[in-house]
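> what shape does this take:
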Amino acid sequence: MLFFYKITPLIRLPASINQEFTYSFKTQLDEGDLVLVSFRRRKVLGIITQIISNPKEETYKIKSVLNVIEKKYLNKNQIKLFKELASYYWASLSLLLKTASPKKIISREKFLPNGSARGRFKITKKEIRDAKRLINFSQEKRTLLFFARDRFNIYYYLIAGIINSGGQVLFLVPDLLLLHTYRAQLENIFGTNRVAVLDKGKAGGNYYSNWTAIKSGKKSILLGTRSTVLANFKNLKLVIVEDAHDQSFKQWDQNPRYDARSIAKKFPDYFDCSVIFGSYCPSVSFYNQFKKQKAIFETTNSHAILTIGQAKKHIIDAREKNNFDQSTLITDQVIQKIQQTLAKKQTIFLGTSQKGSSGCYFCRDCGYIPKCPSCERNLYLSSQGELKCPVCGTKMKFPSRCPKCNNQMVKMIGLGIRKLYQEIQRLFPQFQVVLIDEEERKSSQEQKEKIALTLNKGIVVGNVSLLRLAKFNPVTGAVISINADKSLFLPDFTVGEKKYQEISQLLSKNYKLLSQTKYPKNRTTLSALARNYQKFYRRELLSRKRENLPPFTKLIKFSYRDISAEISKKTLEKLKSKLKNIENKLSFFNGPYPGYPEKVRKKYIYHLTIGHPPNSKIDPLRVTEIIDYCTKNKIIIDVDPVGLI
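Reported below is the predicted structural model:
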């Protein structure tokens, strides 16, 4: 007797074609089993997504499953969730399953003998009370926003309760910086044998062994970044999404373009678990959604609002020339604060937004600025003394003369982390200065990050995102942002939100936060330093309602790239006319418009973003004419993009 199944191969299939294919096998199998099948003249792995009880007569010969690789590779609820995600994001189901499935490699990692859990961490009675209230609230709401500034101890209390009762915890972080930091924290408290870390940058065997350990229930805590939300669990009870405002949770640069936060929101529908989104500066759309659902949990110290006068004390005006006596890059107020902090035997974290030694350079005579031949972006001076493209990484030798006028005079613009590091070394030669540079090898970066977490009476220099490590160093005395104003000038409606988030995630009661800026009166900066999220939220919400932006509309972004800017633009103009014909309630945001950057690797990128009314009866992504046109022209579809650019 033969049994018939729908199987999705784990390969890259376009979302526009059929994703499930009929196969037969001599014995009974289950949904989620991993099998080997013959597909298009080659042998590939596939996952059973449906059992067919009464197969229809096919015009072709039904192939047989070649071999069963692993039983219960995924569970039935995951299959249902992946199908829903593929439909919502107009993504390929086969690609989603491929993303969720690690390569089966035997790990060479040896067992670590120091895996016993210490289970000890400092937590106040107030934090215990807040944690118990949060547990009750999460059981009631299942999905909630944890709006608080200092959340770490409460997290650890919740995790301890879950794993002691035999449950599993998924802990999502936005990037590798926090992954390495939280790994050290969790392993120190709960032991290495309980923590599984899914890091695709590590050896494949280690990744697969941790994935299997979570699936079998051998490990209780799964820590990872965006793609970890697709992992398999045995007894998932709690999901924590830390720094839920971070845009790194949304995959925007390659398919499938999913948002890990949106997937986590659906977990209570498929698994018996609660989901907690932790943030003190959530996106306006995110906050608005949870506010309507009355699912925001706040601790008693969440709203320590300052006056504008108090907030201004955190800002140092970099426009005043009188503030630069000892250095041309760092104001005297910053230098004084560093001296005071070091005198207290504390550590300072310094950050700037520029890579390398400077932003770019130009000729003083003719104004020539060297640009990348592939991306047309200004080249910056890297740590190796070369000019480098910040987008594609193209390198060029630093010219001794201007290529345009043959003049030797050049001027550097901007303050890069290398230049900041050299200046700090000059000003404070007697103290240890640690530089964490993105251009170094990952192993070297990780090693310096560990040093930064335990550095006593020293200075840590890096980019602005590195400053988040300051909360994990117990002797941090000051966090200082130097000229990190680049995010204020991005051509997008999320600029204010991003700036608020950049500042708010650095706030802590344990140290002083200073910002050296050329724009001291920026109202978003002042609102963030005053910790007045409600004021910022109301202002942004009114502005977005007026412009018909999220959360009042659903965004869909169409992107196309070609070696000709004219072809890219015309391709999307034709799509725009087709969209206007099917729905007159759509909002168009000045499209087609060039991307940012406009040119990447010799191709011009253009976008067309539409606002789709939530109550509309017509979904543009369900109209055959639109989908056929996008498929034929290889137009990229991004549902719920993080912005317009």
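> contacts and neighbour counts: CA atoms only from here.
OK.
> which stretches of the stretch 401-550 of the chain form strands?
Secondary structure of the stretch 401-550 of the chain (DSSP state E, counting those that start in this stretch): strands located at 410-413, 432-435, 458-463, 476-482, 512-517.
> so the last one versus strand 476-482, what angle?
Read that as strand 512-517. 10 degrees (axes from the mean of the first three to the mean of the last three Cα atoms, to 10 degrees).
> what about the stretch 301-450 of the chain, any weak spots by pLDDT?
Along the stretch 301-450 of the chain, segments meeting pLDDT under 70 span 301-303, 358-360, 409-411.
> still on that earlier bit, for Leu608, find the nearest of the strands of the stretch 401-550 of the chain.
strand 458-463 (32.0 Å; Cα to Cα).
> parallel or antiparallel, list what pairs with the closest one.
Strand 458-463 has the following strand partners under DSSP bridges: strand 347-352 (parallel), strand 432-435 (parallel).
> one step back: weakest of the strands of the stretch 401-550 of the chain in terms of mean pLDDT?
Of all the strands of the stretch 401-550 of the chain, mean pLDDT reaches its minimum on strand 410-413 (a mean of 70).
> for Ala318, which of the strands of the stretch 401-550 of the chain is the nearest?
It is, among the strands of the stretch 401-550 of the chain and with distance given as Cα to Cα, strand 512-517, at 5.3 Å.
> tell me where the stretch 1-150 of the chain has helices.
For the stretch 1-150 of the chain, the helices defined by DSSP state H, counting those that start in this stretch cover 76-88, 93-100, 125-141.
> sorry, back to before: looking at the strands of the stretch 401-550 of the chain, which is nearest to Ile62?
Of these, nearest to Ile62 by Cα to Cα is strand 458-463, at 56.7 Å.
> chain center to the closest one, what's the gap?
23 Å (Cα atoms, centre = their mean, to the nearest Å).
> could you do stretch 335-353 as well?
29 Å.
> pull out the buried residues from it.
335, 337-338, 341-342, 346-353 (16 or more other Cα atoms under 10 Å).
> do the same with stretch 178-187
Leu178, Leu179, His180, Thr181, Tyr182, Arg183, Gln185, Leu186, Glu187.
> now do the contacts for Leu541.
If a contact means Cα atoms under 8 Å, 6 or more residues apart in numbering, then Leu541 has Val284 as its contacts.
> distance check, it against Asn548.
Applying Cα to Cα, to the nearest Å, the value for Leu541 to Asn548 is 10 Å.
> name the residues linked to Ser38 by a beta bridge.
Beta bridges link Ser38 to Lys43, judged by DSSP bridges.
> next up, phi/psi of the residue sitting nearest the centre point of the chain, please.
Nearest to the geometric centre of the chain sits Ser248, at 1.1 Å (Cα atoms, centre = their mean). Backbone geometry at Ser248, expressed as degrees, to the nearest 10, gives phi -70, psi -20.
> hmm, back to that, any chance of the helices of the stretch 1-150 of the chain in a markdown table, with mean pLDDT, distance to Leu621 and mean neighbour count too?
Formatted as a markdown table, these follow (pLDDT from 0 to 100; distance: least, Cα to Cα, whole Å; neighbours: other Cα atoms under 10 Å):
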| stretch | mean pLDDT | distance to Leu621 | mean neighbour count |
| --- | --- | --- | --- |
| helix 76-88 | 91 | 9 | 17 |
| helix 93-100 | 92 | 16 | 22 |
| helix 125-141 | 92 | 31 | 15 |
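> and Thr394, which of these is closest to it?
helix 93-100 (29.1 Å).
> other SSEs contacting the closest one?
Helix 93-100 makes packing contacts with strand 3-9, helix 76-88 when contacts are defined by 3 or more Cα pairs under 8 Å, 6 or more residues apart in numbering; DSSP states H and E.
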